[in-house]
Every structure is written in structure tokens, then in C-alpha cells.
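**Q** sharing a model that was predicted from the sequence below.
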2 protein chains.
Amino acid sequence: MALDHGDPGDAPSTPPPLVDVEDVRRPTPAEEARTVAASTNIATLASLTADGDPWASYVTYGLLGGSPVLCVSRMAEHGRNLHGDRRASVSIVAPETASDPLAISRVTLAGRVDAPIGSELDAARAAHMDAVPAAKYYIDYSDFSLWVLRVERARWVGGYGRMDSATADDYEAATPDPVTPGAANAISHLNEDHADSLLAMAQNLGGYPDATVATCTTADRYGLDLSVTTPRGNATTRVGYASPIDRIDDLRAATVELARRARS
Amino acid sequence: MALDHGDPGDAPSTPPPLVDVEDVRRPTPAEEARTVAASTNIATLASLTADGDPWASYVTYGLLGGSPVLCVSRMAEHGRNLHGDRRASVSIVAPETASDPLAISRVTLAGRVDAPIGSELDAARAAHMDAVPAAKYYIDYSDFSLWVLRVERARWVGGYGRMDSATADDYEAATPDPVTPGAANAISHLNEDHADSLLAMAQNLGGYPDATVATCTTADRYGLDLSVTTPRGNATTRVGYASPIDRIDDLRAATVELARRARS
């Protein structure tokens, strides 16, 4: 049995909104990519062997702007590979949990590595040490080199059907989301103590007046993603704050305003 | 400051055993690699773009013997890459937790992917579905392909200073450890309720008669790894069962025998 990708097969279908709602601003692909890159200190490097074969290997990294800073040994295969050919990419997976492994956020950053010099070397070293404190045990060994990945292309995948590419300029100009990484407690609080407000948001702002339950799944600098239960099936929607926020501390006021607007 | 890799720098030094002990059998690199490969269903693929650039991307997999079975879409870059060039490798990281990210076990498997046919296609499909149940939603879409990675080379890294390569034949002939993945509760029990036995093992079988504390860090089919505190500093040692075990259920009897031998 071969199906076209467009065919939902036995995947669940999603009921559309019953009311037209304005598009709610959401993070750009470049912002999503920067957020994933800032979410951890481990990645997988793809480098090239002397034969030009691809070689996948586990690495740690820090960030200089959006550029991963690697610290690898020439005694290791990936270190020799980078010395032989500067082309490289890294895959970074956000430390999310999901029962379906393809539902989590990840990014591929591709380009070429450079050995930083001068003040950039100092900054690269500090960035790596800041992200990987244990690097103090080996960063000064002569067989270890610092490499800065000059990102030429970023590919973000946020889960099923959520994916896009970002140019090098957009990736570098973007910033990691200031809200998402620290929002878990706030989201739990919303779901446990303010289910009625979330339901009002889904019904009156999110286009699902027939919603019976709404839970918040993600909070970012622009708004909340909601998972919605309706008699027609389950859907997702999104509600936007009155204006973007720059700090996790502003999330409470932004959601209070959303709840007030949903009930007005 | 550049140091030779042999120079311990400010890394902690390790006191040697005070008593010569026989070498204790430990898992081979091929066995270690098979154990890591069997420990999860997510990996990072390194493939080649049309330009021959390395491309790192997150994938799910099942196992056919020791061969990863991927299911990827031609609508995704890594899917197009594999159709264009069969050379590939995957990096698999064991789902361990450690404060130092470079202390955890990982493996790189490198070779070429094949599209399985006939009975191998059926087996590959079953292996992928068994490991990744959510694949039922997309595995039959016409843009998805199953690929079997023919492993030509396996590189295992078990943490600092624990690493080795395995040939394709050794990797395929080895089996995942039957004890390690399910040993967490037994290890906690040993450490919480049998600290005296572990200490006796370290003192009388492990070469550290001056040990003051010993904790078990890993159990595998051949024996236990112990972390040892001595007045001279901290060390690791290993004690072996009377004979290898094939089942987690045999771990209790094997450690009881070890404890008895340590006190005799």
C-alpha cells in the first residue's frame, strides 16, 4: 500500500476553526533555530573522512552568537576530519520529551568550520567553557582544537508539518526565545489553575467556540500554543499577547491580559 | 598553555591498585557498540548533499540484527541525500545521564544504505515499526523509503579513555548486553543495601585493600564496575562473576557469589 503524502491514511484528522481569526505572530524559522541551538550543549557533528564519506559523531558545543564552537581532539576521527575538510554540519535536538520522537524540535546548521584567532579565539574559548564546564580538563591539551562553525544554512524542524529553512543572515540576526526555555512551570500553572481562562481563549480568540477543553502546550515571546478538544475532534490553535515580551517575568501579565481579552 | 594529551593538567589523578589482580573479562568493543545501538530508537544521520557536503539530521531507527533501519521521506533533505549517495553513518547516544556530557556512551556506525527488497523489506519494516510505533502514520506514504545501513565500521566511545573500533564482522556477530539496560534497580539495591559486600569486593578482589567506600556504577554480562574511594584518592575497578550471565534474572545469584568469594 503506497499513499500520497497528502493522504492522511489512518492519522487523526483535525477539525478546522469555526470562526476566522487573525494570524497570530509566531517565532520565525530563524528564531526557532536559534532557540533550539541555545537549548543544550550537545550535538552531533557530520564531517567528512579522507575518502569524502560522511561521519556522524557526538560533540559538545558552546555558542558564539549563533555559531557553535566545538572543541575536538585530532586524536579523534572527527578532529582529523575537520582538519582535512572544513565542511561540517551539526544536528541539535531540543531536550524535550515526547512519546513520539519525531514530534520534538531539532535543527541542522551547515557550513564550514574555522579555527578562530585573536580576540575571537578568546571569545570562542569562553563560550565553549561556559557551556561545557568539564572542558577545563582537556581544552588546553595540544591535540584539542577549537572550531567555530560558520553557519551558511539553518534547517529547523519543529515536529510534524512544522519546518522551514533560514538563511545565514536571518539565523545570525535572530535571537533565542527568551520565554520558551523557562516556561514549563508557568505552563503547568496555567493548565492546573486556569483551565477556564485557557478555554475562554480557545473559544473566543482561537476560533474554536465549540472547544470543551484547552491546554497550553508552549509559550514563546509572541503567544501561547493551545491544544483544543472539541466534539469534532482535537485541534491546535494559537493566541497572541497584546505585544511581544522579552522576559519570562512578563509572561504572567501577558497571559492575564489574554484571559481578560478572551472574556470581554 | 599547550599540554601534551598525556599530561593530566588539573584533571584528578587515579591511584593504582595495591595488589595485582587478574584481568576481568569485560564487554568487547563490538558488544559495547551493539548495546548502545539497542538502547534507543533515535540517532543522527550523516549523509551527503549533492555537493558532497556533510548533512547531519535527526532520525528514528529500528534494528535488523545490528543494522539500523531508517524510514525517511524524499521530501526531506536527508532522504534526497540517501537517494543521491548511499554513503551514510549514524551516531547513537545511549540514554544515560551524566553531569559531564562526554562521560556517556555513544557509537558511530558507518557504511552504506541499501533499499531492502523481498523478505528483507518485510523484516526491515517490522523492525522499524517495532522500535518506532508512530511510524504507522507515515511508513506507507509513497515518499517514504526504508533504508538498511550496512555497517562497515563501528566506533564505540564509552566515556573518557574508553573507546575502540570494531570490524563489521565483529559488530554483526556480537549481541547487545542482556544485563546493562535493565540493571538500574539492581545497582541501586546493591549500593543502598549491600555497601559492605561491594567494599569487600573492592578490597579483596579488586586490588584496593585500602578502599573505604565502593559503589557499583555498571553491571554487564561479565561483571560489575566499581567506583572506589581510598585515602590515596578515587579509582575505578572491576570484579567478574564466576561465569558470564545471559539474563538480568541471573544477576542476583552472580553478585551473591561475588560477595561470598570476596569474604572467603
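**A** Structure received.
**Q** please count neighbours and contacts with C-alpha atoms only from this point.
**A** Will do.
**Q** now chain A, which segments are flagged as low pLDDT?
**A** Where chain A drops to pLDDT under 70, the residues are A:1-12.
**Q** that one: helices as residue ranges?
**A** Remark: helices assigned in chain A by DSSP state H are A:29-37, A:77-84, A:118-131, A:168-173, A:184-193, A:195-204, A:251-263.
**Q** domains in chain A, by residue range?
**A** A:30-173, A:180-263 (automatic domain parsing).
**Q** anything in the first one near chain B?
**A** What it means is domain A:30-173. Yes. Residues of domain A:30-173 contacting chain B under Cα under 8 Å from any Cα of the partner chain: A:42, A:44-48, A:52-60, A:87-91, A:93, A:100-102, A:106-108, A:110, A:132, A:134, A:137-138, A:140-143.
**Q** quick one, what contacts A:Arg247?
**A** Neighbour list for A:Arg247: A:178-179, A:221 [criterion: Cα atoms under 8 Å, 6 or more residues apart in numbering or on different chains].
**Q** same thing but at 7 Å, please
**A** A:178-179 (Cα atoms under 7 Å, 6 or more residues apart in numbering or on different chains).
**Q** closest point of the stretch 101-250 of chain A to chain B, which residue?
**A** A:Tyr141 (4.5 Å; Cα to the nearest Cα).
**Q** what's the spacing between that residue and B:Trp147?
**A** Here A:Tyr141 is placed at a distance of 40 Å from B:Trp147 (Cα to Cα, to the nearest Å).
**Q** who's more crowded, the two?
**A** B:Trp147 (25 against 19; other Cα atoms under 10 Å in any protein chain shown).
**Q** who's in contact with stretch A:254-264?
**A** So stretch A:254-264 is in contact with A:197, A:200-201, A:204-205, A:241, going by Cα under 7 Å, 6+ apart.
**Q** OK, contacts around A:Leu224?
**A** Contacts of A:Leu224 (Cα under 7 Å, 6+ apart): A:216, A:218, A:238-240.
**Q** what pairs with it across the strands?
**A** A:Ala219, A:Val239 (DSSP bridges).
**Q** which one is the most centrally placed residue in chain A nearest to, not counting chain neighbours?
**A** Of all residues in chain A, the one closest to the mean position by Cα atoms, centre = their mean is A:Val36, 3.0 Å from it. Counting by Cα to Cα, 6 or more residues apart in numbering or on different chains, the nearest residue to A:Val36 once its immediate chain neighbours are dropped is A:Ala94, at 5.4 Å.
**Q** count of neighbours near the one you found?
**A** 20.
**Q** do the same with A:Thr14
**A** That count, for A:Thr14 with other Cα under 10 Å as the rule, works out to 11.
**Q** ranges for the strands of the stretch 1-150 of chain A?
**A** Here the stretch 1-150 of chain A has its strands, by DSSP state E, counting those that start in this stretch, at A:42-48, A:54-64, A:67-73, A:87-93, A:106-114, A:144-159.
**Q** other SSEs contacting the third one?
**A** For strand A:67-73, the helices and strands in contact under the criterion 3 or more Cα pairs under 7 Å, 6 or more residues apart in numbering or on different chains; DSSP states H and E are strand A:54-64, strand A:144-159.
**Q** one more: the fifth one?
**A** In terms of contacts (3+ Cα pairs under 7 Å, 6+ apart), strand A:106-114 is packed against helix A:29-37, strand A:87-93, strand A:144-159, strand B:54-64.
**Q** just the angle between the second one and strand B:54-64, please?
**A** Here strand A:87-93 runs at an angle of 50 degrees relative to strand B:54-64 (axes from the mean of the first three to the mean of the last three Cα atoms, to 10 degrees).
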